[in-house]
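Peer 1: With the input below, show me the fold.
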Amino acid sequence: MTGVPGPADSLVCLPVLGLGEVTAGTDLAAEIAERARLEDGDVLVVTSKVVSKAEGRVVAGDRAEAIVRETRRLVARRGTLAIVVNRLGITMAAAGIDASNVEPGRVLLLPEDPDASARALRSAIARRAAANVGVLVTDTAGRAWREGQTDIAVGAAGLRVTDDHAGRLDPYGNTLQVTAPAVADELAGAAELAAGKLGRRPFVVVRGRPDLVLVADDDGPGAAALLRPEGGDLFGLGSREAVLAALRGDRTARRVFGEPVDAPELTALLADLTGEQVARAGDSVDVSGDDPRTRWVTEVAAYAHGWEVADEEPSRIRLRPGTP
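Peer 2: Next up is the predicted model:
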């Protein structure tokens, strides 16, 4: 840590002006050091687009085919819009692939490893500008529940990406439990306001939060630390896709539904859904009844809550916790 006790009284976002076209091999650190006066404790925010261009991530091909290659798992699809978990583990529309500001017939992929890109840029800036800065690599993403998009951190170096408030007291003396602002994303959004989408200003220096910048030999956990594990995300599938996965009993998607619920919760749920007698039997749950619909509802609901059929008899289904 820097030892700085807290944030400054103001936050200033300074776009770096005068950058020309970035191509494969462009020395971003040199471009920044030539145009910006950097200070210890600054946060340098760089769009993933220019990082990708400098790293030669502009490739020939069709965007739809590139999305398939860069996708790890489909989350939701509505018409031509596909929300996916990409190969970096980030949930984004179209896997984060961009077809704007590139020649026709070419697409722009995200950096191969945005955290590594941020680390390399931080190191190069330290050599050229003799300043200890944090670095963020950002991209634009939508959000569940809300319209519009905002910039988020996809890569980070030398920066605390969250500011854990657990254990701190609010002004009324209440102890905070789980408040942990994603400060890397907040800085990304603030920088985007200064850069603008069409201003050709892909570098922004954010000044006023030196408390978030780590010491020179500590690159921190990176933006990857902001990703929730599958099963820990309550929205790992779209509403339609979750229904379909449960109906299929898709074992490959089971981990998305998280850890099995406990037996009392499942017992109450199945009793309400089926209207049949449901009882606990040790670590298992038994559902009585021979109606085909009851059995079907039981299997689908059990799957969605992390349980599976252990044994079946003509008038009973026994369930046990599954393995995500």
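Peer 1: next one: phi and psi at the closest residue to Ser239 other than its chain neighbours?
Peer 2: Closest residue to Ser239 apart from its sequence neighbours, by Cβ to Cβ, 6 or more residues apart in numbering: Ala76 at 7.7 Å. Any C-beta I mention is one placed from the backbone N, CA and C, and that applies to glycine too. Backbone torsions of Ala76, given as degrees, to the nearest 10, read phi -160, psi 150.
Peer 1: thinking Ser284 is in contact with Leu319, fair?
Peer 2: Yes - with contact defined as Cβ atoms under 8 Å, Ser284 and Leu319 form a contacting pair (6.2 Å).
Peer 1: neighbour count winner among the two?
Peer 2: Remark: of Ser284 and Leu319, Leu319 carries more neighbours, 28 against 15, as counted by other Cβ atoms under 10 Å.
Peer 1: for that one, what are its contacts?
Peer 2: Listed by Cβ atoms under 8 Å, 6 or more residues apart in numbering, the contact partners of Leu319 are Leu266, Ser284, Val285, Asp286, Val287, Thr298, Ala302, Trp307, Glu308, Val309, Ala310.
Peer 1: how about it, secondary structure?
Peer 2: Under the three-state scheme (DSSP: H, G, I helix; E, B strand; the rest coil), Leu319 adopts strand.
Peer 1: Distance check, it against Glu299.
Peer 2: Relative to Glu299, Leu319 is positioned 9 Å away (Cβ to Cβ, to the nearest Å).
Peer 1: quick one: the closest residue to Arg57 other than its chain neighbours from Leu121, how far?
Peer 2: Computed as Cβ to Cβ, 6+ apart, the closest residue to Arg57 that is not its neighbour in sequence is Leu109, at 4.5 Å. Counting by Cβ to Cβ, the separation of Leu109 from Leu121 is 18 Å.
Peer 1: Give me the buried positions along stretch 98-107.
Peer 2: Asp98, Val107 (16 or more other Cβ atoms under 10 Å).
Peer 1: average pLDDT for the lengthiest strand in the chain?
Peer 2: Secondary structure assigned by DSSP state E gives strand 146-157 as the longest strand of the chain. Mean pLDDT, strand 146-157: 96.
Peer 1: Which strands or helices does the helix or strand following that strand pack on?
Peer 2: Next helix or strand after strand 146-157 toward the C-terminus (DSSP states H and E): helix 183-195. Under the contact definition 3 or more Cβ pairs under 8 Å, 6 or more residues apart in numbering; DSSP states H and E, helix 183-195 sits against strand 12-15, strand 43-47, strand 134-143, strand 146-157, strand 203-207.
Peer 1: for helix 183-195, which positions count as buried?
Peer 2: Val183, Ala184, Asp185, Glu186, Leu187, Ala188, Gly189, Ala190, Ala191, Glu192, Ala194, Ala195.
Peer 1: That one relative to strand 203-207, how many degrees between them?
Peer 2: Using axes from the mean of the first three to the mean of the last three Cα atoms, to 10 degrees, the direction of helix 183-195 lies 120 degrees away from that of strand 203-207.
Peer 1: Just the CA coordinates for helix 183-195, please, in CSV.
Peer 2: Taking Å, rounded to 0.1, in the frame of the first residue of the first chain, the C-alpha atoms of helix 183-195 are listed here in CSV:
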residue,chain,number,x,y,z
VAL,A,183,-13.5,0.9,-7.3
ALA,A,184,-11.8,-0.3,-10.4
ASP,A,185,-15.1,-0.2,-12.3
GLU,A,186,-16.0,3.2,-10.7
LEU,A,187,-12.8,4.7,-11.9
ALA,A,188,-13.3,3.2,-15.4
GLY,A,189,-16.8,4.8,-15.5
ALA,A,190,-15.4,8.2,-14.4
ALA,A,191,-12.6,8.1,-16.9
GLU,A,192,-15.1,7.3,-19.7
LEU,A,193,-17.0,10.5,-19.0
ALA,A,194,-13.8,12.4,-19.6
ALA,A,195,-12.7,10.4,-22.7
